[in-house]
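Q: Predicted coordinates and the sequence they were generated for:
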Amino acid sequence: MKSEKNHNLKIKKFFHAYGKKILHHIVMFLKWSVISVITGIVVGGFSTLFAFIMDTATNFRSGHDYIILFLPVAGILTVFLYSAFKYKNDKGTNLVLSTIHAQSEIPFRMAPLIFITTILTHMFGGSAGREGAALQLGGSIGNQLGRWFHLDDSDKRVVVLCGMSAAFSALFGTPMAAAVFSLEVVSVGVMYYAALLPCVFSSIIASYFAKFFSIKESDLTGIDFPELNFINSAETVGLALLCAILSILFILLLHRTGDIFRKYLPDPYLRITLAACVIVALTFLLGTRDYNGAGMNIIVKAVHGEAVPYAFLLKMLFTAITIEAGFRGGEIVPSFFIGATFGCTFGILTGFSPSLCAAVGMIALFCGVTNCPITSLLISFELFGSGGVPYFMIAVAVSYAMSGYYGLYKDQTIVYSKYKTKFLNRKTRH
């Protein structure tokens, strides 16, 4: 009888403890569901507005070629705004990564500042992407929401990740890749899985929000993927190797250009004015506007088999001058441009499907500059469909391994080696 009572008591204790754990998990699920939905709606709303204004600014610039003449004025205004807000040494996207590493804090006033200055860059013809602004915008809003929710520091960093995912998703229309990108880009070799659920929810909410307001993504579908064989797999490996090398060259060009600018043109007003004049002069000298703005139209052309052979080199030059001079924007869409046009050129020269090579080059170069292989695969699926999985798998694997420890973001940490099961914990090379 006594043993039966003890047995029943043990069962009650077991179910009591198990019930408390289940209740805790339910509470945490509900907590992060609510927070991520709110973050997705708020950041998705701001990002959708940002995307709409960006498209309007780009369309206006496309219809008014003379507006590029005012790029120096836009540059001066950008420096003035950052000086007025006391951000003379702004770290850009690195500030978001630094916040997640608990090394700094993203102030909320960063959101309108990056919003306005990125619009200025694109409207007047600077060569930059929009994702840098998206990540900073989302991170800044997420950090502020974390304060309003009275979360502790670790939970606040999760909301920053949610904000990054939501903004990336709303602008690019790739919710799967956006959810993983913010988890993967911070530390190479380690992912913040604690933020997976909220990042997925906020990313999907933001994506639907953008679609509801008719924010359209560029059409990159329709590629014919042939069956993989030894010859075309070898060609894919060759293309990925070249893209890995090109990603290192792009990173070095960006950072060396910045070093030269800061050394010989220490005054930010003079630096951005002269750089803007160089961009204007190059634009008129080349007689094309292909290298101004983000260049999504050129990416679409490349994916459909059309590219100027040297376009990737000019985009590298235009982007390095624009971003390192002090204009605001991002490097990811330019990396898409460089990879797509280089891949298309590779395909034309080798006789191996220029469209397929453009898609592979685009994904391989993105992987090389960001060190994010899982995100790269997810982007390939969402942009090009699942038909090219073998090609993208090969390209991502080769590019990730052969791009070394170089990276776009100075505050990205290489936690584990790419080549051995070895702990490194070092910053990326530049």
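A: All right, it came through fine.
Q: Give me the residues contacting the helix or strand containing residue 113.
A: Taking DSSP states H and E as the criterion, residue 113 maps to helix 110-123. Under the criterion C-beta atoms under 8 Å, 6 or more residues apart in numbering, residues 46, 50, 53-54, 57-58, 60-61, 67, 74, 77-78, 81-82, 85, 87, 95, 126, 128, 130, 132-133, 136-137, 140-141, 144, 293-294, 322, 327-329 lie in contact with helix 110-123. Using the backbone N, CA and C atoms, a C-beta is placed for each residue, glycine as well.
Q: and if we set it to 6 Å?
A: Contacts with helix 110-123, where a contact means C-beta atoms under 6 Å, 6 or more residues apart in numbering, come from 50, 53-54, 57-58, 61, 74, 78, 85, 128, 133, 136-137, 140-141, 293, 327-329.
Q: Now the element after it, going C-ward?
A: Next along the chain from helix 110-123, counting by DSSP H and E, comes helix 131-148.
Q: Show the subsequent helix or strand relative to the host helix or strand of residue 415.
A: Residue 415 is part of strand 413-416, with elements assigned from DSSP H and E. Going down the chain from strand 413-416, the next helix or strand is strand 423-427, by DSSP H and E.
Q: what lines up beside that following strand in the sheet?
A: In the sheet, strand 423-427 lines up against strand 413-416 (antiparallel) (DSSP bridges).
Q: Look up phi and psi at residue 306.
A: phi -130, psi 120 (degrees, to the nearest 10).
Q: Count the residues that sit near residue 228.
A: Residues near residue 228, counting by other C-beta atoms under 10 Å, number 15.
Q: oh, and call the first residue 21 from now on, that's how I've got it
A: All set: I'll call the first residue 21, so the last point we hit is now residue 248.
Q: Helix or strand: which one has the closest residue to it other than its chain neighbours?
A: Among residues not flanking residue 248 along the chain, residue 410 sits closest, at 4.4 Å (C-beta to C-beta, 6 or more residues apart in numbering). Counting by DSSP H and E, the element that carries residue 410 is helix 409-422.
Q: could you pull out the strands for the stretch 121-270 of the chain?
A: 207-208 (DSSP state E, counting those that start in this stretch).
Q: Quick one: work out the angle between the helix holding residue 133 and helix 151-168.
A: Angle of helix 130-143 versus helix 151-168, following axes from the mean of the first three to the mean of the last three C-alpha atoms, to 10 degrees, is 170 degrees.
Q: mind checking how far residue 438 is from residue 424?
A: 8 Å (C-beta to C-beta, to the nearest Å).
Q: scratch that, residue 150 is what I was asking about
A: As judged by C-beta to C-beta, residue 150 and residue 424 stand 27 Å apart.
Q: for residue 154, same thing?
A: Look at residue 154 and residue 424: by C-beta to C-beta, they are 27 Å apart.
Q: now residue 335
A: Using C-beta to C-beta, residue 335 is found at 22 Å from residue 424.
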